[in-house]
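> Got a sequence here, can you build the structure:
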Amino acid sequence: MKKVHLIAIGGSAMHNMALALHEKGFDVSGSDDEINEPSKSRLAKAGILPEEIGWFPDKITGDLNAVILGMHAREDNPELIRARQMGLKIYSYPEYIFEATKDKTRIVIGGSHGKTTITAMILHVMHYLNIETDFLVGAQLEGFNTMVSLTNSSKYAVIEGDEYLASPIDRRPKFHLYKPNIAILSGIAWDHINVFPTFEVYVEQFKKFINLIEPNGSLVYCSQDKVLAGVCESSNNSKIDKTGYAVPKHVIEDGTTYLIVGEEKIPLLIFGNHNLMNLNGARLVCNKIGISNVQFYEAIQSFKGAAKRLELVFKSGSFNFYKDFAHSPSKLKATTDAVKQQFPKRRIVACMELHTFSSLTEEFLLQYKDSMNLADEAMVYFNPHTIAHKKLKEISTEQVHNAFNRSDLKVLTKSEDVTNHLKAQNWNNSVLLMMSSGNFDGVDFNSLAKELKFN
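Presented below is the predicted three-dimensional model:
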């Protein structure tokens, strides 16, 4: 039995790693200075919830086979210091994922947007066809108990390749550590400006990723993204094959999107050009491991989407309420456009929260110009306390209003003002789209839906 200790076990990825290793039969321990739900309950159910909150260097013992370091920990973490003093093997979680899958066919999904959805699509198809695989995905998926799975028996590993940093002591982007056999890139749109201060520095990470694809490997990429297409086509990695993809032929009828494949119309539960591009990329990846188009199209019809990716919260008559993870300018445009295309005769109300480090930065705000213009009504919410907590320079409602370049944009700084405004409207023949990587400071979307008015 291998013995592993996780520093910062309570994180989204880290607690799933702990559960996966526990399920594999490892002796798992961990520490954290804060463990919230659902991590707390899930770790407790598995019997691996730390007895006390905090950092305890005496947990770092010589019989540990590995210490896995989460991004939430700091470089001066007392457990990390002890592990270094003892000369123990310390992994970031992406390093450990590679270590556990280095003898498997690694499928890595990268890009500024769509990673989770493409990963979820590939996993859905493989699960439908009973193809066993290890995986790492950034959302809880229907039919899967954890967001991480590591086995001794599978031939494949499907890995969502985030471009953020690996750990406090490893400043490489996570997706540089996976060395894929098959890679897919969905697009490039500047993000994480606290780490990649210019667009050029950000793009450079994708160039490096392509050069890390294993010899005789494959790269699938979105050819409709001009920046990405340029990076992929000019890559000097001559030992891989490259395949571009775009929006597949489709039609929308009575609120349902159908793929057009030859003479056949294939109904989908998802919609929007960005989702259709994701689907086409996922299909090409599946082809690389021997899954036919016929098998793929049969399986993908039952795919409902990943959590918080155009996820339907509530539906009543001529009203639909969706929540979405969208927070960057490109994601706002793509998600709002998807809803507009799917419901062309309905009023679209789009509300987004500025929540991430990048989105709350004065310099990056200008990137949001025209990103909410496709909605019939648009609102932007931010909490000044969040800005103070992140130790960023204050921004004003006027700055936000000017950045988005929409004269009728509503900019709100109190969560209750957002919900009160929504409750005051009539929602017949409408779509409400709430977009954030957070939750508008504690708004319960299901409860909100019950309080909306219909004539």
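
> Could you list the low-pLDDT ranges of the protein?
1 (pLDDT under 70).

> Domain map for it?
3-88, 96-300, 311-451 (automatic domain parsing).

> Would you reformat these as a markdown table and include mean neighbour count?
For glycine as for every other residue, the C-beta is placed from the backbone atoms N, C-alpha and C. Listed next are the domains of the chain as a markdown table, based on neighbours: other Cβ atoms under 10 Å:
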| stretch | mean neighbour count |
| --- | --- |
| domain 3-88 | 18 |
| domain 96-300 | 19 |
| domain 311-451 | 18 |
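
> which residue is nearest the middle of this structure?
In the chain, the centroid-proximal residue (Cα atoms, centre = their mean) is residue 116; its distance is 4.4 Å.

> what sits against it?
By Cβ atoms under 8 Å, 6 or more residues apart in numbering, residue 116 lies in contact with 137-139, 160, 306, 309, 325.

> and if we set it to 6 Å?
138-139, 306 (Cβ atoms under 6 Å, 6 or more residues apart in numbering).

> quick one: which helix or strand includes the closest residue to residue 177 other than its chain neighbours?
Of all residues beyond its chain neighbours, the one nearest residue 177 is residue 94 (4.3 Å), with distances taken as Cβ to Cβ, 6 or more residues apart in numbering. For residue 94, the host element (DSSP states H and E) is helix 93-101.

> State the separation between whichever helix or strand comes after that helix and the centre of the chain it belongs to.
Sequence order places strand 105-110 as the next helix or strand after helix 93-101, per DSSP H and E. With Cα atoms, centre = their mean, to the nearest Å as the basis, strand 105-110 stands 15 Å off its chain's centre.

> Likewise for stretch 364-382?
Worked out by Cα atoms, centre = their mean, stretch 364-382 lies 21 Å from the chain centre.

> And for that stretch, what's in contact with it?
193, 329, 332-333, 336-337, 340, 347-354, 358, 400, 403-406, 409-412, 418, 440.

> how about a cut-off of 7 Å?
190, 193, 329, 332-333, 336-337, 340, 347-354, 358, 360, 395, 399-400, 403-406, 409-413, 418, 440 (Cβ atoms under 7 Å, 6 or more residues apart in numbering).

> helices and strands around the helix holding residue 94, which ones?
helix 12-23, strand 66-69 (3 or more Cβ pairs under 7 Å, 6 or more residues apart in numbering; DSSP states H and E).

> The residue nearest to residue 177: what's it in contact with?
Taking Cβ under 7 Å, 6+ apart as the criterion, residue 94 is in contact with 166, 174, 177-178.

> And residue 35, by the same measure?
10, 53.

> Give me the phi and psi for residue 256.
For residue 256, the backbone dihedrals are phi -120, psi 140 (criterion: degrees, to the nearest 10).

> My understanding was that it contacts residue 269; is that so?
No. Using Cβ atoms under 7 Å, residue 256 is not in contact with residue 269, being 8.5 Å away.

> re earlier: can I take it that the residue nearest to the centre of the chain is in a strand?
No. With DSSP: H, G, I helix; E, B strand; the rest coil as the criterion, residue 116 is helix rather than part of a strand.

> and residue 157, bridged to which residues?
Going by DSSP bridges, residue 157 is paired in beta bridges with residue 106, residue 134.

> residues contacting it?
Counting by Cβ under 7 Å, 6+ apart, residue 157 has contacts 101, 104, 106-107, 133-135.

> Look up how far residue 2 lies from residue 251.
Residue 251 is 52 Å from residue 2, where distance means Cβ to Cβ, to the nearest Å.

> try residue 386
40 Å.

> what kind of secondary structure is residue 141 in?
Per three-state DSSP, residue 141 ends up coil.

> Ignoring the adjacent residues along the chain, who's closest to it?
Among residues not flanking residue 141 along the chain, residue 120 sits closest, at 5.3 Å (Cβ to Cβ, 6+ apart).

> Would you enumerate the residues in contact with the one you found?
137, 139, 141, 306.

> who touches the closest residue in space to the first one that isn't next to it in sequence in this structure?
Among residues not flanking residue 137 along the chain, residue 119 sits closest, at 4.7 Å (Cβ to Cβ, 6+ apart). Residues in contact with residue 119, defined by Cβ under 7 Å, 6+ apart, are 109, 137, 158, 160.

> repeat for residue 245
Contacts of residue 245 by Cβ under 7 Å, 6+ apart are 220, 222-223, 277, 280-281, 284.

> Identify the bridge partners of it.
Counting by DSSP bridges, the residues bridging with residue 245 are residue 222.

> That one and residue 391: what is the separation?
Distance from residue 245 to residue 391, by Cβ to Cβ: 41 Å.

> next one: residue 139
From residue 139 over to residue 391 (counting by Cβ to Cβ), the distance is 28 Å.

> for the protein, longest helix please?
For the chain, the helix with the greatest residue count under DSSP state H is helix 273-288.

> and the helix or strand following that helix, what other elements does it pack with?
The first helix or strand that comes after helix 273-288 along the chain, using DSSP H and E, is helix 293-300. Packed against helix 293-300, as judged by 3+ Cβ pairs under 7 Å, 6+ apart, are the following elements: helix 115-128, helix 273-288.

> Just the angle for helix 293-300 relative to helix 273-288, thanks.
130 degrees (axes from the mean of the first three to the mean of the last three Cα atoms, to 10 degrees).

> Can you name the residues in contact with helix 293-300?
Here helix 293-300 has contacts from 121, 124-125, 128-129, 261, 266, 279, 283, 286, using Cβ under 7 Å, 6+ apart.

> now that helix: how far from the chain's centre is it?
On Cα atoms, centre = their mean, the centre of helix 293-300 falls 24 Å from that of its chain.

> chain center to the helix or strand that it is followed by: distance?
For helix 293-300, the succeeding helix or strand toward the C-terminus, using DSSP H and E, is strand 311-316. From the chain centre to the centre of strand 311-316 is a distance of 21 Å (Cα atoms, centre = their mean).
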